[in-house]
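A.B. asks: The sequence and its predicted three-dimensional model are supplied below.
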Amino acid sequence: MKAQSTYTVKKWEENIYDQISPEQGMSKASIEFEITGDLSGKATVEYLMFYKSIDPNDQHNSSAVYTGLMRFAGKLNDRKGSFVMEDHGTFEKGTAGSSLQIISGSGTDELKNIQGTGNYIANRDGFRLELDYEI
């Protein structure tokens, strides 16, 4: 089955923990998303990022790769529960794109046996998330 949703960023806290050079660094970010659509609820994620290039004047011109664990809690269509996904992506030219993998055994309640993959794109045109799943 397919789920399509949009999301908004509700919280973004990011700190550089290793400044490799003026142009490169590693950071940790704690993010909270509000998701609407087939998936409806809240997602929290912890990212580790490597900035290949940092533009201190305009962060949208920076380039990075990131990995994280994202926990969704809410509803998938009419089923309530939560699950955790691995999130691997890149940020280039103002666009973040990620591959998502639902972690087997992470589902709760009515989403207990969920499995699948997905992706998301985030840029100035909006925030879209798609999920291919089975329950």
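C.D. replies: Arrived safely.

A.B. asks: how about the strands in the chain?
C.D. replies: 2-19, 25-37, 39-53, 63-76, 79-92, 95-102, 115-123, 126-134 (DSSP state E).

A.B. asks: Asp109 is nearest to which of those strands?
C.D. replies: Comparison of the strands of the chain against Asp109 by Cβ to Cβ identifies strand 79-92 as nearest, at 3.6 Å. Where C-beta positions appear, they are placed from N, C-alpha and C, glycine not excepted.

A.B. asks: average pLDDT for that closest one?
C.D. replies: The average pLDDT for strand 79-92 rounds to 97.

A.B. asks: Okay, buried residues for that strand please.
C.D. replies: 81-87, 89, 91 (16 or more other Cβ atoms under 10 Å).

A.B. asks: How many residues are close by Asp55?
C.D. replies: Counted by other Cβ atoms under 10 Å, the residues lying close to Asp55 total 12.

A.B. asks: Could you verify my assumption that it touches Asn61?
C.D. replies: Yes: using Cβ atoms under 8 Å, Asp55 is in contact with Asn61, at 3.8 Å.

A.B. asks: Many thanks, I have nothing further to ask.
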